[in-house]
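S.K.: Provided below are the primary sequence and the corresponding predicted coordinates.
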Amino acid sequence: MPTAAKLVATLALAVVAFAASLALRAVLPDHIAAGRMVEVDTALGAAVGWLVMGRLAGRGYSAVVTLAVRSVAVLTFCALMTFAIVEALERAIALRYSDVMEALAGMVELFGDYALILLTAPLALATLLIGGVLAALLTEAVSRRWN
């Protein structure tokens with residue numbers, strides 16, 4: 001059911017994902033094409049904001065940090081998995097893998113590679129964590145005010 005908290009969480013986490021994607025795109029290695037990374041991450045941020053952060057709002061200000069970390073973790077996992085799957089599919093179409101198991105192993109390896117890139121981008125990590133906490137605070141305030 002739509003609520004004001006879900007709407008605010010959707011918009012806030014989409015903005016956080018957008019900003020983090022821009023910060024990460026600036027430090028991507030040359031061999032990785034950014035493509036539609038910013039748009040996909042923004043859409044994932046909106047979805048996670050609605051489904052996770054908005055749904056869990058209203059538990060009090062003491063749970064805000066937990067809500068922020070949980071939402072950012074789900075967003076990060078979904079984004080990394082999305083880009084690993086897309087890259088693995090592109091490689092499979094180009095016949096770089098000999099069988100399905102090799103493609104799945106390649107996908108897991110790509111997930112790890114992308115996670116390492118994210119972990120070595122302090123601005124993107126700070127944007128995710130600080131922005132997530134601010135988004136959760138705003139969502140909680142809206143939840144208390146209008147729900």
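M.R.: Happy to help now that I have it.
S.K.: and Met53, how close does it get to Ser98?
M.R.: 42 Å (C-beta to C-beta, to the nearest Å). (C-beta placed from N, C-alpha, C; glycine too.)
S.K.: compare the two (neighbour count), which wins?
M.R.: The neighbour comparison of Met53 against Ser98 (other C-beta atoms under 10 Å) goes to Met53, with 31 against 8.
S.K.: do you know how far the more buried one is from Asn147?
M.R.: From Met53 to Asn147 the distance is 14 Å (C-beta to C-beta).
S.K.: and the residue nearest the centre of the chain, what does it touch?
M.R.: Among the residues of the chain, the one closest to the centroid is Leu75, at 2.8 Å (C-alpha atoms, centre = their mean). Going by C-beta atoms under 8 Å, 6 or more residues apart in numbering, Leu75 touches 13, 17, 41, 44-45, 48, 128.
S.K.: tell me which helix or strand of this structure sits lowest on mean pLDDT?
M.R.: helix 54-56 (a mean of 92; mean pLDDT, DSSP states H and E).
S.K.: the helix or strand following it - what's its average pLDDT?
M.R.: Sequence-wise, the next helix or strand downstream of helix 54-56 (DSSP states H and E) is helix 64-93. Averaging pLDDT along helix 64-93 yields 95.
S.K.: go on, stretch 102-117?
M.R.: 95.
S.K.: pull out the buried positions in that stretch.
M.R.: Neighbour-count burial for stretch 102-117, counted by 16 or more other C-beta atoms under 10 Å, picks out 106-107, 110-111, 113-114, 117.
S.K.: gap between the residue in the chain sticking out farthest from the centre and Thr3?
M.R.: Most distant from the centre of the chain: Ser98, at 30.9 Å, with distances by C-alpha atoms, centre = their mean. As for Ser98, its distance to Thr3 is 50 Å (criterion: C-beta to C-beta).
S.K.: what's the neighbour count on Ala126?
M.R.: 12.
S.K.: quick revisit: could you look up the SS state of the residue farthest from the centre of the chain?
M.R.: Using DSSP: H, G, I helix; E, B strand; the rest coil, the structure places Ser98 in coil.
S.K.: how about Ala34?
M.R.: Going by three-state DSSP: Ala34 is coil.
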